[in-house]
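J.: predicted model and sequence follow; I will ask about them next.
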Amino acid sequence: MTDTTATPAPATPAQGPAAPAQAPAAPAPAVGAYTVGDPLADTRAPAGPVHERWDTRRFTAKLVNPANRRRHTVIVVGTGLAGGSAGATLAEQGYRVVQFCYQDSPRRAHSIAAQGGINAAKNYRNDGDSVHRLFYDTVKGGDFRARESNVARLAQVSLQIIDQCVAQGVPFAREYGGLLDTRSFGGVQVSRTFYARGQTGQQLLLGAYQALSRQIDAGAVEMHPRTEMLDLVVIDGRARGIVARDLVTGRISVHLADAVVLATGGYGNVFHLSTNAKNSNATAVWRAHRRGAWFGNPCFTQIHPTCIPRSGDHQSKLTLMSESLRNDGRIWVPKAKGDTRPPAEIPEEERDYYLERIYPSFGNLVPRDIASRAAKNVCDEGRGVGPGGQGVYLDFADAIARMGREKVAEKYGNLFEMYERITAEDPYTRPMRIYPAVHYTMGGLWVDYDLMTTVPGLFAVGEANFSDHGANRLGASALMQGLADGYFVLPTTLADYLARHPHDEPDPSHPAAAAAVAETRERLARLLAVGGDRTAESFHRELGQIMWEHCGMARTEAGLREALERIPGLREEFWRRVRVPGGGAELNQQLEKANRVADHLELAELMCLDALHRTESCGGHFREESQTPDGEALRDDEHFSYVAAWEHTGGGPPVLHKEELVFEYVHPTQRSYA
Amino acid sequence: MNLTLRIWRQRSPEEQGAMTTYRVEGVSPDMSFLEVLDVLNEELVLRGEDPVAFDHDCREGICGSCGMVIDGQAHGPERTTACQLHMRHFRDGDTIDVEPWRAAAFPVVKDLVVDRSALDRIIGAGGYVTAPTGSAPEAHATAVPKEAADTAFEHAECIGCGACVAACPNGSAMLFTSAKVVHLNVLPQGAPERESRVLGMVAAMDEEGFGGCTNTGECATACPKGIPLPSIAAMNREYLRALRKGGARRP
C-alpha cells in the first residue's frame, strides 16, 4: 500500500474536468446515440453437455501451488455474500487478501437485509425438483436473457451452498425431526427455498462474515472497513489495484495486487428510492466501467412487487416485505374504482383477487416482474388503495383462518412487526398495503464464464456482475448466486488467472497509479469547490424521479428520450450548483454522497440508452410498445436474443457489443404463468 | 410537529464535544428518527454549517449501523433501532437529546459516530465454526433438534449495533458476546470448538476494555432484537464448563 497525503481542501476550483461526460468541449452527441462494435463472445465456457461444463472447467482450470499462493495478493471490494464468502475462501486457500468495505464493519453489507430465502435443488421434499429443474426455472424466469452455461453451474453449485452454510452454523428453519424446512417462492412450483425466518440474508451473511473474521484474526485478510474504492488502477492492460479513500481521515491511498474482485452490489439507488441501503452505490462498478470494463444489460432492473408504499416526500428509502408473504397472503384491490371503504367493509364479491384471476395456475406466486406490473395496472385503473391510490392489499385473513394466528406469526412474525412499526397498522387484523419498488439490478459489469470482466484481472461477483438472472431474477436466487460466486466459482476461476499470470511485484510509482490518484483527488476537490446552492440529496431525488417515471416499471421510446435529454442537463447543473460543506481530510458524509450521486448521474444515462435501444420487452424490462394482447412482455428473439455489453469511449457515444445467446436446452417460449 | 433537538457535536476524537441545540419544523409523525436528522442536515448544508455525522445504512433495522442515545435511552423510547423509530412516538414541541453511544470501548469518531470495531475482534476470537469452504458434509447428515435450531436462531438475530454496551452502566459487552456463544454452542456444528470459542471470546472482550457484568439487565431491555438476558447466564455456564474441562483458547 502506498499512502499519500490527505485530499487538501481546494484553494482554487480545479481546472479541466476529469470526466469527459462532464466536458462541454465537444458538441453533445444526439440523444440516444451509440455505435455498434464487434460482437462479443464468452470464450471461457467449455463446450459439451450443459451440466458437465462446470466440471470440465474445474478440471481445465490451472492450479496454483499452495506454496506459491501466499505470494499472490487479491483485492476484494465489498463484504456482502459474494465478497465475504470470496475473501474468506481465498484466504483459506492461502492467498493474501486485502479487503474493503465502506461500512464500519464487514458484517453490515446490504446482503444482511435479504429476507426470504435461498434456493437449492436439494429435492428434500421429493416434489420433483432437480438441478435441471432449477436450471430450467431460472432460464425461463429470466425470460431467456441469461446464459445457459452460467445458470446450469449456479443450479449445480446450489447443492454445496446449503451444505457449506449448515456446517458454519447458519440456523436455518427446521422441522421437528431436525431436518431442514423449505418453502416455495415466486415463479416456481416446487418447494426449494431454505430460510431462517424472515432473516435469511442476515444469517447467511453472518456465516460468511464469521468465516471472514476467522481469516482476519489469523492475519490472512487485511481488512479495511470505512474505506471506499474510488477508482481502478489498470497497468499494462491488467487490473492491478484500486484507489481508495479512508472515510474517517480522508486519506487517499493506492492498493496494488495481482487481481481485483468487485463485490460491490447493484445500482438500484440510481432511482434514489429503492430497497437498497442508503449508502449502496455504483461508484466501484462505474469507475471500473470508465477504465474499460464493459457494462452488461444496464437497463435490467427488478421492481419488487411487495414493498411498503411510501408515506411522504421525506421518505429516505423503501422497505421490502419478503416475497415469501405471497405464499400465504392473497393480493387484491376493490373491483370498483375509487372505493375508499376500509378493507374489512368491502365484501368478498366486490374484491378482485387479480393475480389469482389472471394467472390461475401460479396465482399470487407469479414472478416478480409480472406481479409488479399487474399492481401498477390496477393502480393506473384507479383501483389502488391507501394514500394516493398507490397500493394494493396483501391479505392474511384466509391464512389466519386456515393455519391459525400462531402459525402465521411463526412464519412471518418479524415481517408483520416490521410492517406495523412502519405503518402503525396491524396486519393480523387489517390487510397489508404493498406497492412495487426498485429492488435489484440484473445488469452489471459484463463477465465471462470465469466471472472476469473485459479488463483482465478484474473480476465481478454477486449483484455487481450481470450474469445469471437474465432479464428477471427469481426470488431467493440472489443469495444463491452471491454465495455460488464467492464460495465456489471465483476461487476456482481466479486461481486459473493467477496461475497464468505469475506474480510480479506491481510498481507503486507506475504512472497509471499516480494518474488514478490524481484524478480522484481532482474530482473530490472539484466537488468541494463548487460551493453551490443545492444539496447532493436534492439532485439524487430529482434523478430518481426521472428514472422512476421513464425507466421504471413501464418504458416508452418517448419517455426514455425525454430522460436522455434531461439527465445531461441535470448532471451539468449538479457540477455547477452542488454544495458540499467541509473538507476532504475528515469524515465528510456529504462528500461521500455527492461523489456517489455524480456517478449515478452518469450511469442513469447508460441505463436509459440501453432501455431505449432494446425495443423488445423482456422480464423486468417492459417496453409498452412491445406487449402481447394480454399486456404481457413480448420478447423479440429474432433481434434481441443477446447480452448488451456497453463500452465506455470517453466522450463519444458508447459502443454496443452484442453477445449472442444460444439456447440448446431450454427453448425460448413466451413465458406463461396463466 | 416542531421539535427541539439537542445533539452532541464533536469534530474529532481529540476535540471536546458539546450539546448543540437545533430546531426542526414540519416533522411528519410518519418520519423515522433518522429522516428527521436528514431534514436537519439538508438545512445545515444550505446554511453553510457542518451537518451532523451519524452511521446508518439499511434503514430497516437489520444492518446494525445506526445507534444513538435518544433521550437517555439507546435507540430511544421504543424497542427498535433508531432507523425504525418513528416520530409518532414523540409529541409536538418535544425537546430531544441525541448523544453517541458512550462506552470506553467505543471511542467517538465524530458527532454520533463511534468506533465499534472491538465487536468485530470479539467475533474474530472465536465467534465462528471452522468449516473451510468445500469441507462441509451433506446438510442432512446431522439432524439438529428444532429446539436447538430455534435457540440458535434467537441468539443469532443480534445485529451488532452495540446498544447493549451503550445501555450498560459498566459498558459491558456480555450480551453481545453471549449471543454468539450461545448461537454456536447449542448447535452440533459448533460443538468441537465449544470451549475454545467461549474462552477466546470472553478474553477478547476483556482485552478490548469492555466492563464486567453486574446483572443490571439494561442490555436486554435496550436490545432491539430481543436477545434474552439468560443468554449471559448461559455463557457463564459455558465458560465455567470450559475452564473445568481444561479448555484452552485457540493459540
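T.: Nice, I can see it.

J.: going forward, measure contacts and count neighbours with C-alpha atoms only.
T.: OK.

J.: in the stretch 151-251 of chain B, what residue comes closest to chain A?
T.: Closest residue of the stretch 151-251 of chain B to chain A, Cα to the nearest Cα: B:Phe153 (5.3 Å).

J.: how much space is there between the closest residue to that residue other than its chain neighbours and B:His183?
T.: Closest residue in space to B:Phe153, ignoring its immediate chain neighbours: A:Pro171 at 5.3 Å, by Cα to Cα, 6 or more residues apart in numbering or on different chains. Distance from A:Pro171 to B:His183, counting by Cα to Cα, to the nearest Å: 8 Å.

J.: between those two, point out the one with more neighbours.
T.: A:Pro171 (32 against 27; other Cα atoms under 10 Å in any protein chain shown).

J.: tell me the phi and psi of that one?
T.: Backbone torsions of A:Pro171, given as degrees, to the nearest 10, read phi -80, psi 70.

J.: again, but for A:Ile252
T.: According to degrees, to the nearest 10, A:Ile252 has phi -100, psi 130.

J.: number of residues surrounding it?
T.: 26.

J.: now it: closest residue in space that isn't a chain neighbour?
T.: Closest to A:Ile252 by Cα to Cα, 6+ apart is A:Arg245, at 4.5 Å.

J.: on the three-state scheme, that neighbour is what?
T.: strand (DSSP: H, G, I helix; E, B strand; the rest coil).

J.: picking up where we left off before, name the element the residue of the stretch 151-251 of chain B closest to chain A belongs to?
T.: For B:Phe153, the host element (DSSP states H and E) is helix B:146-156.

J.: next, the buried residues of that helix.
T.: Under the neighbour-count criterion of 16 or more other Cα atoms under 10 Å in any protein chain shown, helix B:146-156 has B:Lys146, B:Ala148, B:Ala149, B:Asp150, B:Thr151, B:Ala152, B:Phe153, B:Glu154, B:His155, B:Ala156 buried.

J.: related to what we said a few turns ago, common neighbours of A:Pro171 and B:His183, please.
T.: Contact criterion Cα atoms under 8 Å, 6 or more residues apart in numbering or on different chains; residues shared by A:Pro171 and B:His183: B:Ala152, B:Phe153, B:Ala156.

J.: so where's chain A shaky on pLDDT?
T.: Across chain A, the ranges flagged by pLDDT under 70 are A:1-29.

J.: could you do chain B as well?
T.: Looking at chain B by pLDDT under 70, you get B:251.

J.: how about the strands of it, start to end?
T.: B:3-9, B:18-24, B:69-70, B:73-74, B:95-99, B:108-110, B:113-114 (DSSP state E).

J.: domain ranges for chain A, per the record?
T.: If you go by automatic domain parsing, the domain ranges for chain A are A:58-113+A:198-303+A:440-500, A:304-438, A:511-660.

J.: please disregard the earlier target; I meant chain B.
T.: B:3-110, B:116-244.

J.: check which residues of stretch A:233-245 are buried.
T.: In stretch A:233-245, counting by 16+ other Cα under 10 Å, buried: A:Val233, A:Val234, A:Arg238, A:Ala239, A:Arg240, A:Gly241, A:Ile242, A:Val243, A:Ala244, A:Arg245.

J.: got a list of contacts for the helix or strand containing the fourth one?
T.: Assigned by DSSP H and E, A:Ala239 belongs to strand A:238-246. Strand A:238-246 is contacted from outside by A:75, A:226-234, A:251-260, A:455-458, A:506, A:516-517, A:520, using Cα under 8 Å, 6+ apart.

J.: show me which residues of the stretch 1-150 of chain A are close to chain B?
T.: A:Thr89, A:Glu92, A:Gln103, A:Asp104, A:Ser105, A:Arg107, A:Arg108, A:Ala109, A:His110, A:Ile112, A:Ala113 (Cα under 8 Å from any Cα of the partner chain).

J.: mind listing which of the residues you listed are in helices?
T.: Of the positions in the residues of the stretch 1-150 of chain A next to chain B, A:Thr89, A:Glu92 sit in helices, assigned by DSSP state H.

J.: and the residues of the stretch 1-150 of chain A next to chain B, which is closest to A:Tyr354?
T.: A:Ala113 (29.1 Å; Cα to Cα).

J.: who in the stretch 401-550 of chain A is up against chain B?
T.: A:Arg421, A:Ile422, A:Thr423, A:Tyr487, A:Phe488, A:Asp533, A:Arg534, A:Thr535, A:Glu537.

J.: the third one - how many residues pack around it?
T.: Right, the one you point to is A:Thr423. 18.

J.: ok, and the closest non-adjacent residue to it?
T.: B:Asp30 (7.6 Å).

J.: for A:Gly443, see how far away the one you found is.
T.: When B:Asp30 is compared with A:Gly443 (using Cα to Cα), they lie 34 Å apart.

J.: among the two, which residue is more densely surrounded?
T.: Taking other Cα under 10 Å, B:Asp30 and A:Gly443 do not tie; A:Gly443 has more neighbours (30 against 20).

J.: and that one, how far from A:Glu616?
T.: 16 Å.

J.: equivalent analysis for A:Arg251, please.
T.: 47 Å.

J.: list the strands paired with the helix or strand hosting A:Val261, with their directions.
T.: Assigned by DSSP H and E, A:Val261 belongs to strand A:259-262. With DSSP bridges as the test, strand A:259-262 is paired with strand A:73-77 (parallel), strand A:458-460 (parallel).

J.: which strands or helices does the helix or strand that it is followed by pack on?
T.: For strand A:259-262, the following helix or strand on the C-terminal side (DSSP H and E) is helix A:283-290. Judged by 3 or more Cα pairs under 8 Å, 6 or more residues apart in numbering or on different chains; DSSP states H and E, helix A:283-290 is in contact with strand A:227-235, strand A:444-445, helix A:589-613.

J.: one more pass at 7 Å, please.
T.: Packing partners of helix A:283-290 (3 or more Cα pairs under 7 Å, 6 or more residues apart in numbering or on different chains; DSSP states H and E): strand A:227-235, helix A:589-613.

J.: return the most buried member of these.
T.: strand A:227-235 (a mean of 24; mean count of other Cα atoms under 10 Å in any protein chain shown).

J.: and the contacts of that strand?
T.: Identification of contacts with strand A:227-235 by Cα atoms under 7 Å, 6 or more residues apart in numbering or on different chains yields A:100-102, A:239-247, A:283-284, A:287-288, A:291, A:512-513, A:516, A:520.

J.: what is the burial count for the nearest residue to A:Gly117 once chain neighbours are set aside?
T.: In this structure, A:Gly117 finds its nearest non-sequential neighbour in A:Tyr195, 4.4 Å apart by Cα to Cα, 6+ apart. Residues near A:Tyr195, counting by other Cα under 10 Å, number 27.

J.: which phi and psi does A:Tyr195 have?
T.: phi -150, psi 160.

J.: swap in A:Val97?
T.: phi -110, psi 130.

J.: dig out what it forms beta bridges with.
T.: Assigned bridge partners for A:Val97, using DSSP bridges, are A:Val74, A:Val221.

J.: A:Glu586 belongs to a helix, doesn't it?
T.: No - the assignment for A:Glu586, made by three-state DSSP, is coil rather than a helix.

J.: ok so, going back, and the residue nearest to A:Thr423, what is it in contact with?
T.: Contacts of B:Asp30 (Cα under 7 Å, 6+ apart): A:Ser311, B:His86, B:Met87, B:Arg88.

J.: do the helix or strand hosting A:Gly201 and chain B meet?
T.: Per DSSP H and E: A:Gly201 is located in helix A:200-217. Yes - using Cα under 7 Å from any Cα of the partner chain, helix A:200-217 reaches chain B at A:Gln210, A:Ala211, A:Ser213, A:Arg214, A:Asp217.
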